[in-house]
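1. what's the 3D shape of this:
(one chain, ligands or ions: 1)
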Amino acid sequence: MASDRTSHAAHAQGLLRFIDASPSPFHAVATSLEMLRAADFVETDFGATSHGSPGRHVIARDGALIAWVVPEGATSSTPFRIVGAHTDSPNLRLKPDPDANTFGYRRLGVEVYGGVLLNSWLDRDLGLSGRIAVRGARGVEQVLITVDEPILRVPQLAIHLDREISTTGLLLNKQQHLAPIFGLAGPNSSDIWHIVASAAGVSTDDIIGADLMLHDTQPSALIGIDHEFISAPRLDNQLSCHASLTALSGASNTETIAMVTLFDHEEVGSVSATGAATHSLPQLLSSISGDAAGHAQALSDSLFVSADNAHATHPNYPERHEPAHHIALNAGPVLKHNANQRYTTDAMTEGAFRLAAERAGVSTQAFVNRTDMGCGSTIGPTVSASLGMRALDVGCAQLAMHSCRELAGTNDPWDMTLLLAELLS
Ligand SMILES: [Zn+2]
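-> Below you'll find the predicted structure:
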């Protein structure tokens, strides 16, 4: 893998396409499967008996995906090199019976999913995406839907009617103030299920379940005077999904099993069948190894890399950051530290990170929180605890984390890909 300006820009453009094709975790999995099929991965399932056979395997389920490469000659004690990321991002999601007619407007009831920067969803042209369950020949079947036209809007209250905004700031009540409007009520206005059914190519009677959410319809872009920034939704954490899949696609390991795990539900605590706390991953690893003694040895020699974006120092709020550990955009992958184990990095895995960065030829940065501020966390501690596996937490720097539209550096995703390729090898 080469490291030059063209590779950085080309990879960033690929990331923009990945993000725009993936408005929901279910779409992120579908887009990932497309990438992996093009790289000769073959779909299998949790019940298969061929998990440990040499070759390229992938299992996709709902909003989660696990892909791995078993080299020729692998044994039950062959160690794993795993990169984990998450497919979900904070957003607004439809309630089960969302449609309401309020003061002449067609309005949708929404729940807040994860730690949303609520203000960032106001006055934006929003689409609708996710999946529905339909009656199929074999029972319940999943259909992905994307309405990319800007059919939804959450209009902000005018400043003249919100006089306290300049003194107390914008206060949004999650129940009252976030419901998007999608039309004016009238005898011929269609309800939301007609719009969804038409996008899915089914009849409204066939819809028997739904996981639907809002997304920004403005395409992702490279911005800034030299196109040095990526402006896009869901950079946390589709950036890491895309980087890890790119790295895995190029894997040619001979002594280790390279794997990427993309989990859902990180933004709400990871406890679900497709979240990082799932028992499916330990079971699958054990199935790949085959026998118990070999598997225990494999786990003790393995490494888990938790890849999730990191906070760049905000130039307007430098006081919110640890003063001796400023993080810049386009200055390379960030290694995250936290003595209280909100991040998993320790001396030994920091060493592995530094050696991998030297081999990849990328510069790196070290993140630690201010001691007087709470620290975020991600899937690293959950997965390393359940597997008993050494781990480290890495990520690309970004601003505006959990905004409807986030900002990262154009060069960082490719440098992260080069680093992950080394950590996977
Ligand atoms: Zn994240």
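
2. CA-only coordinates of stretch 11-29, as PDB, when you get a sec.
-> Taking C-alpha atoms only, stretch 11-29 is exported to PDB below (Å, rounded to 0.1, in the frame of the first residue of the first chain):
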ATOM      1  CA  HIS A  11      -9.200   6.800  -0.300                       C
ATOM      2  CA  ALA A  12     -11.100   9.800   1.100                       C
ATOM      3  CA  GLN A  13     -13.300   9.900  -2.100                       C
ATOM      4  CA  GLY A  14     -14.000   6.200  -1.500                       C
ATOM      5  CA  LEU A  15     -15.000   6.900   2.000                       C
ATOM      6  CA  LEU A  16     -17.400   9.600   0.900                       C
ATOM      7  CA  ARG A  17     -19.100   7.100  -1.400                       C
ATOM      8  CA  PHE A  18     -19.200   4.500   1.400                       C
ATOM      9  CA  ILE A  19     -20.900   7.000   3.800                       C
ATOM     10  CA  ASP A  20     -23.400   8.300   1.200                       C
ATOM     11  CA  ALA A  21     -24.400   4.700   0.400                       C
ATOM     12  CA  SER A  22     -24.800   3.900   4.100                       C
ATOM     13  CA  PRO A  23     -27.400   6.100   5.800                       C
ATOM     14  CA  SER A  24     -28.200   3.400   8.400                       C
ATOM     15  CA  PRO A  25     -26.300   0.500  10.100                       C
ATOM     16  CA  PHE A  26     -28.100  -1.900   7.900                       C
ATOM     17  CA  HIS A  27     -26.900  -0.100   4.800                       C
ATOM     18  CA  ALA A  28     -23.400   0.100   6.200                       C
ATOM     19  CA  VAL A  29     -23.400  -3.700   6.400                       C
END
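
3. show me the contacts for Lys336.
-> For Lys336, the contact set (CB atoms under 8 Å, 6 or more residues apart in numbering) comprises 310, 343, 345, 367-368, 393-395. Heads up, the C-betas are built off the backbone N, CA and C, glycines and all.

4. Surely Val58 forms part of a helix?
-> No - applying DSSP: H, G, I helix; E, B strand; the rest coil, one finds Val58 to be strand, outside a helix.

5. And it, what's its pLDDT?
-> Per-residue pLDDT puts Val58 at 98.

6. Phi, psi for Ala38 please.
-> Dihedral pair for Ala38: phi -70, psi -20, per degrees, to the nearest 10.

7. Now do it: how many residues are near it, please.
-> Applying other CB atoms under 10 Å, we find 9 other residues in the vicinity of Ala38.

8. cool, Glu149 as well?
-> 13.

9. do you know how far it is from Ser198?
-> As judged by CB to CB, to the nearest Å, Glu149 and Ser198 stand 12 Å apart.

10. what does this protein put close to the ion?
-> Listed as neighbours of the ion in the chain under the rule CB under 5 Å from the ion: 236-237, 308.

11. quick one: contacts of the longest strand anywhere in the chain?
-> In the chain, assigned by DSSP state E, the strand with the most residues is strand 139-152. Contact partners of strand 139-152, identified using CB under 8 Å, 6+ apart, comprise 23-24, 26-27, 30, 108, 125-135, 180-183, 195-196, 199-202, 208-209, 212, 214, 217.

12. what do you get for stretch 153-168?
-> The contact list for stretch 153-168 (CB under 8 Å, 6+ apart) reads 92, 121-126, 170-171, 177-182.

13. Separate out the buried members of those.
-> Neighbour counting over the contacts of stretch 153-168 (16 or more other CB atoms under 10 Å) leaves 92, 121-122, 124, 126, 178-182 as the buried ones.

14. how close does the residue of the chain most remote from its centre sit to Ser203?
-> Computed with CA atoms, centre = their mean, the residue of the chain farthest from its C-alpha average is Pro187, at 41.0 Å. Distance, Pro187 to Ser203, using CB to CB: 21 Å.

15. follow-up on the earlier one: report the two of the buried ones among the contacts of stretch 153-168 separated the most.
-> Using CB to CB, the buried ones among the contacts of stretch 153-168 span at most 15.4 Å, a distance reached by Leu122 and Phe182.

16. what's the burial count for Ala60?
-> 19.

17. so it touches Met35, yeah?
-> No - applying CB atoms under 8 Å as the test, Ala60 and Met35 come out as separate, 11.7 Å apart.

18. how about the longest strand of the chain: buried residues?
-> 143-147, 151-152.

19. Report the rounded mean pLDDT for it.
-> In this model, strand 139-152 has a mean pLDDT of 96.

20. Mind exporting the C-alpha coordinates of it to PDB?
-> Extracted C-alpha coordinates of strand 139-152, given in PDB (Å, rounded to 0.1, in the frame of the first residue of the first chain):
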ATOM      1  CA  GLY A 139     -41.900 -15.700   6.700                       C
ATOM      2  CA  VAL A 140     -40.400 -12.400   7.800                       C
ATOM      3  CA  GLU A 141     -38.000 -10.900   5.300                       C
ATOM      4  CA  GLN A 142     -35.800  -7.700   5.500                       C
ATOM      5  CA  VAL A 143     -36.000  -4.900   2.800                       C
ATOM      6  CA  LEU A 144     -33.600  -2.000   3.000                       C
ATOM      7  CA  ILE A 145     -35.100   1.400   2.200                       C
ATOM      8  CA  THR A 146     -33.600   4.800   1.400                       C
ATOM      9  CA  VAL A 147     -35.600   7.900   0.700                       C
ATOM     10  CA  ASP A 148     -32.800  10.300  -0.400                       C
ATOM     11  CA  GLU A 149     -35.100  13.100  -1.300                       C
ATOM     12  CA  PRO A 150     -35.400  15.800   1.400                       C
ATOM     13  CA  ILE A 151     -38.900  14.900   2.600                       C
ATOM     14  CA  LEU A 152     -38.400  15.800   6.300                       C
END
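
21. That one pairs with which strands, parallel or anti?
-> strand 126-136 (antiparallel) (DSSP bridges).

22. Domains of the chain: list them as residue ranges, please.
-> As given by automatic domain parsing, the domain ranges for the chain are 5-89+233-424, 92-216.

23. any idea whether Pro381 is helix, strand or coil?
-> Taken by three-state DSSP, the conformation at Pro381 corresponds to helix.

24. right, and it touches Gln341 too?
-> Yes - using CB under 8 Å, Pro381 is in contact with Gln341, at 5.8 Å.
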